[in-house]
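Undergrad: For reference, the sequence and a predicted model appear below.
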Amino acid sequence: MSHASLKSLSLALVAAAMPLLASAQLTANVSLTSNYKFRGQDQHVHPVKALNPAIQGGFDYAFGDSGFYVGNWNSSVNWLAGNSIESDLYGGYKFKAGTLDLDVGALAYIYPGNNNGNTTELYGAATYGPFTAKYSHTVSKDYFGWAGAKTSNRRGRNTGYLNLAFAQEVAPSVTLKAALGYTRFADDIQDLGVPNYVDYQLGGAYDFGSGVSLSAAVVGATRKSYFGDANKARLIVTLTKTL
């Protein structure tokens, strides 16, 4: 291809991308929470206690009305040696199908300083009114330190997580939230005696306006006889600022 043709192609691509870039939207958020639980389990376990504040935050970049988006979210954690932060990278596509709002994408959980926890999932979600059903499926061999090339010959791939959530404004600025989740570990992890479990949360959020909200929820999980206090139900309070 000649230099002139390459230049014409480059200009055409830039022209095609301009409307998309012009309508792109960048949002950011930062939160302070009294305790960080992931799928009902404490992410600060040295030591496990009811009050273990975590600082969290990230950004989302939506490519206009195309439905495509990318983002990053981070939180302080304390469950892996040599690591003190979880950094999530994700991207996906949102679209409508009749009365359903659909969302499909991929998410990588990254733990700088100790990559034994690194895990990659594909996800799909459907929202109808106040109800959302989301399924996440592990595609990496690694699974949060339970299995993987760096920790054992066991595979975490095909671990699945189903979450059913409800969110409804019940009064001006007040939203009621509830969720129920189920983790089914891959066979290699279950062979270690690790049980599948259910997590739950019930609470609400108040919107102060100007991007400031305060939420409170009781969050916990079953199988405490195996996972210990990490699955214990706790009242978690979170203050969030969205920019």
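TA: It's in.

Undergrad: thought residue 53 was touching residue 31?
TA: No. Taking contacts as Cβ atoms under 8 Å, residue 53 lies outside contact range of residue 31: 10.6 Å. In short, each C-beta sits where N, CA and C put it, glycine included.

Undergrad: higher neighbour count, the two?
TA: Set residue 53 next to residue 31 and count neighbours by other Cβ atoms under 10 Å: residue 31 wins out with 19 against 12.

Undergrad: Would you pull up how far stretch 228-243 lies from the middle of the chain?
TA: Distance of stretch 228-243 from the chain centroid (Cα atoms, centre = their mean, to the nearest Å) equals 14 Å.

Undergrad: And that stretch, end to end?
TA: Stretch 228-243 has an end-to-end distance of 37 Å (Cα to Cα, to the nearest Å).

Undergrad: Same question for stretch 76-94.
TA: OK, stretch 76-94 end separation, Cα to Cα: 28 Å.

Undergrad: And for stretch 47-62?
TA: By Cα to Cα, the extent of stretch 47-62 from end to end equals 38 Å.

Undergrad: buried stuff in that stretch?
TA: 48, 52, 54, 56-58, 60, 62 (16 or more other Cβ atoms under 10 Å).

Undergrad: ditto for stretch 135-154
TA: 136, 138, 140-148, 151-152, 154.

Undergrad: same check, this time on stretch 67-81
TA: Neighbour counts using 16+ other Cβ under 10 Å place 68-69, 71-80 of stretch 67-81 among the buried residues.

Undergrad: same deal with stretch 100-108?
TA: Applying 16+ other Cβ under 10 Å to stretch 100-108 flags 102-103, 105, 107 as buried.

Undergrad: Can you show me the CA trace of it as PDB?
TA: The C-alpha coordinates for stretch 100-108 follow below in PDB (Å, rounded to 0.1, in the frame of the first residue of the first chain):
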ATOM      1  CA  LEU A 100     -33.900  -6.700  29.300                       C
ATOM      2  CA  ASP A 101     -30.700  -4.700  29.800                       C
ATOM      3  CA  LEU A 102     -27.800  -7.100  29.100                       C
ATOM      4  CA  ASP A 103     -24.100  -6.900  30.000                       C
ATOM      5  CA  VAL A 104     -21.300  -9.200  28.900                       C
ATOM      6  CA  GLY A 105     -17.600  -8.900  29.500                       C
ATOM      7  CA  ALA A 106     -14.300 -10.000  31.000                       C
ATOM      8  CA  LEU A 107     -12.700  -9.200  34.400                       C
ATOM      9  CA  ALA A 108      -9.200  -9.800  35.600                       C
END
